[in-house]
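*Asks:* Everything below, folded, please.
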Amino acid sequence: MAEAAPWEIAIRVETAHALSRKGCPRGWALTEHRGFARLNITAKAGGGKRRQIQLPIPWHFDHAKKIGEAVCRIYDDFSSGIEPEQAAKKIAFTSSEQSGNGSTTAQRTNLEQQIDWNDLIERYREYKIRSGEIKESTWTRVHRHHMKLVLEAFATRQPPRSAPQLLDRLTLHWADKPGGRTRQIQMQATSALLRWAVAQGQLPATQWDPPTDLSPFVGRSRSAKAVTTPLEVDHILALARALPDPRWRLAFQLMAAYGLRPEELQHLQLRDGRLWCTYEKVASRGKTKPRALRLLPCDDWAADWKLAEQFCPGDLPPMRSGFCGNDIRQYLHRRPFWNKLRQDYEAKGEKLVPYSCRHGYAHRAHVICDLPPKVVAAAMGHSVQTHLAAYSRWCGDDVVDDAFAKAEQRLLAS
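*Replies:* Coordinates of the predicted model:
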């Protein structure tokens, strides 16, 4: 049996996903038969009767959308009591590619030959940076790799000829990581490129407008994800003592005491005896502003470190701009005590990462200091929406009970 083309896999996946959303059980599948689409229904999914229904639609990537829509209509009729064979007879098919002198196909082929994907991606890069959506360092660190995989998809004997084909081809790079974050970013970045190109008139919408639902291409993880967790104070103090290099110890102390992003370590200034962060993070909700850094009232241990009084940028370790998180993670992964803590956290179903310093700052701000989200978000340099989305995951029953107890005490004291 010949290997299925990427577009064939894509239409089967998309159709199965559309049917599942309608409540269809497994057992409805598409195949090719004599150049046309055929719907196969198992006995269990077809009311006790196995069925093979020929559709009047050619098995071709140009008609993938029509094939999927036809199968969904047949299922809707079947759910209403109409036999699938009768429902299939109501399917009408017309194709401009089969009529006239073939000018539509010729025009499409000519347009495909004119597409220079290298040039298209370069113009997209310039737009993203010029518009202020991302920094050039973000493109280099994140987007460049994903766009490289897009180019590789077209450097094949049978390049993709539609958005679903391209997205399906890209899943091959992450076949062993369904539902993974990197695979999700790949699909999102590719779809953003295609939407921009279609809006600019660089690609025809009929072929290259990406699907709104990317979940069939992202996939579903087969294992539960470990949630990154706040770093406990006792572990912060123990780590600070265990790090042998004073430069990296200072970097770790600054992240833990002020809840910094690793990248912000390269954007610290002293102003009138106070530490300021001048880092501007560009995100969909806007750009962060420079902010004064504040120690939490509960963190006496951080005040004892006297970080602001002794701060000097030259005392920090050498880190690459845009890759501070990677550099810090690499250093910590070489420390035995850090790896021991990672194992302890993983045993509890949690995940320890450099960002756990920042998570710990937020957790203490809410649980111990009882600061409102708006205040904590401003102190940490992000929006309230981002703050709530990121940190509400740690609001368990113990946190809720504690908050209610504190509220009751305040009411009794007033």
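*Asks:* switch to C-alpha atoms for all contacts and neighbour counts from now on
*Replies:* OK.
*Asks:* Point out where the chain drops to low pLDDT.
*Replies:* 1-4, 94-114, 222-227, 282-287, 386-403, 414 (pLDDT under 70).
*Asks:* ranges for the strands of it?
*Replies:* For the chain, applying DSSP state E gives strands covering 28-33, 36-41, 51-58, 227-228, 268-271, 274-277, 282-283, 286-287, 291-292, 350-351.
*Asks:* by contact count, what packs against the longest one?
*Replies:* For strand 51-58, the packing partners by 3 or more CA pairs under 8 Å, 6 or more residues apart in numbering; DSSP states H and E come out as strand 36-41, helix 84-89.
*Asks:* Can you give me the buried ones in it?
*Replies:* Residues of strand 51-58 classed as buried: 51, 53, 54, 55, 56, 57, 58 (neighbour count, 16 or more other CA atoms under 10 Å).
*Asks:* Out of these, the closest to residue 317 would be?
*Replies:* Set against residue 317, the nearest of these by CA to CA is residue 58 (62.8 Å).
*Asks:* and that closest one, what does it touch?
*Replies:* The neighbours of residue 58, taking CA atoms under 8 Å, 6 or more residues apart in numbering as the test, are 35, 36, 37.
*Asks:* Tell me the bridge partners for the second one.
*Replies:* Which is residue 36. residue 33, residue 58 (DSSP bridges).
*Asks:* So it sits against residue 61, correct?
*Replies:* No. Applying CA atoms under 8 Å, one finds residue 36 not in contact with residue 61, separated by 11.4 Å.
*Asks:* ok now stretch 180-196, how far from the chain's centre?
*Replies:* On the basis of CA atoms, centre = their mean, to the nearest Å, stretch 180-196 sits 8 Å off its chain's mean C-alpha point.
*Asks:* quick one: contacts of it?
*Replies:* By CA under 8 Å, 6+ apart, the list of residues contacting stretch 180-196 reads 121, 124, 143, 146-147, 150, 163, 167, 170-171, 174, 177, 203, 208-210, 214, 217-221.
*Asks:* cool, and stretch 304-319?
*Replies:* Residues contacting stretch 304-319 (CA under 8 Å, 6+ apart): 247, 248, 250, 251, 254, 266, 268, 270, 273, 274, 275, 327.
*Asks:* hang on, the last one packs against residue 320?
*Replies:* Yes. Taking CA under 8 Å as the contact criterion, residue 327 and residue 320 are neighbours in contact, 7.4 Å apart.
*Asks:* okay, those two: which has more neighbours?
*Replies:* Neighbours per residue (other CA atoms under 10 Å) separate residue 327 from residue 320, with residue 327 holding more: 17 against 12.
*Asks:* Give me the distance between that one and residue 249.
*Replies:* For residue 327, the distance to residue 249 equals 13 Å [CA to CA, to the nearest Å].
*Asks:* domains of the protein?
*Replies:* 6-95, 114-218, 228-413 (automatic domain parsing).
*Asks:* Name the residues of stretch 344-363 that are buried.
*Replies:* The neighbour-count check on stretch 344-363 (16+ other CA under 10 Å) flags 345, 350-363 as buried.
*Asks:* er, stretch 232-246 I mean
*Replies:* The neighbour-count criterion (16+ other CA under 10 Å) identifies 232, 233, 236, 239, 240, 243 as the buried residues of stretch 232-246.
*Asks:* Please tell me how far the nearest residue to the fifth one once chain neighbours are set aside sits from residue 187.
*Replies:* The shortest distance from residue 240 to any residue that is not its chain neighbour, by CA to CA, 6 or more residues apart in numbering, is 6.0 Å, and that residue is residue 249. From residue 249 over to residue 187 the distance is 38 Å, taken as CA to CA.
*Asks:* out of the two, which sits in the more crowded spot?
*Replies:* Shown here are residue 249 and residue 187; by other CA under 10 Å, residue 187 has more neighbours (22 against 17).
*Asks:* what's the neighbour count on residue 252?
*Replies:* 23.
*Asks:* Settle this for me: it is touching residue 240, isn't it.
*Replies:* Yes. Shown here, residue 252 and residue 240 form a contact pair, counting by CA under 8 Å, at 7.2 Å.
*Asks:* for the contacts of stretch 304-319, which one is nearest residue 18?
*Replies:* For the contacts of stretch 304-319, the nearest to residue 18 is residue 327 (43.1 Å; CA to CA).
*Asks:* Tell me, how many residues neighbour the spatially closest residue to that closest one that is not a sequence neighbour?
*Replies:* Counting by CA to CA, 6+ apart, residue 327 lies nearest to residue 319, which is 6.3 Å off, once chain neighbours are set aside. Residue 319: 16 surrounding residues under other CA under 10 Å.
*Asks:* gap between residue 319 and residue 267?
*Replies:* The gap separating residue 319 from residue 267 is 12 Å, by CA to CA.
*Asks:* now residue 131
*Replies:* For residue 131, the distance to residue 267 - CA to CA - is 23 Å.
*Asks:* what's the answer for residue 290, then?
*Replies:* 9 Å.
*Asks:* can you list residues touching both of the two?
*Replies:* 277, 278, 279.
*Asks:* for the residues you listed, which one is nearest residue 46?
*Replies:* Taking CA to CA as the measure, residue 46 sits nearest to residue 279 out of the shared contacts of residue 290 and residue 267, at 59.6 Å.
*Asks:* So for residue 197, what's the nearest residue that isn't a sequence neighbour?
*Replies:* Residue nearest to residue 197 in three dimensions, not counting chain neighbours: residue 203, with 5.6 Å by CA to CA, 6+ apart.
*Asks:* Name all residues that make contact with residue 43.
*Replies:* The contact partners of residue 43, by CA under 8 Å, 6+ apart, come to 49, 50, 51.
*Asks:* isn't the last one right next to residue 42, touching?
*Replies:* The one in question is residue 51. Yes. With contact defined as CA under 8 Å, residue 51 reaches residue 42; the gap is 6.6 Å.
*Asks:* what ranges do the helices span in the stretch 251-400 of the chain?
*Replies:* For the stretch 251-400 of the chain, applying DSSP state H, counting those that start in this stretch gives helices covering 300-305, 307-310, 324-333, 336-347, 356-367, 373-380, 384-391, 397-413.
*Asks:* do the same with the stretch 51-200 of the chain
*Replies:* 64-79, 84-89, 103-114, 117-130, 136-138, 144-154, 163-170, 181-199.
*Asks:* what's the most buried one of those helices?
*Replies:* Among the helices of the stretch 51-200 of the chain, helix 163-170 has the highest mean neighbour count (mean count of other CA atoms under 10 Å), at a mean of 24.
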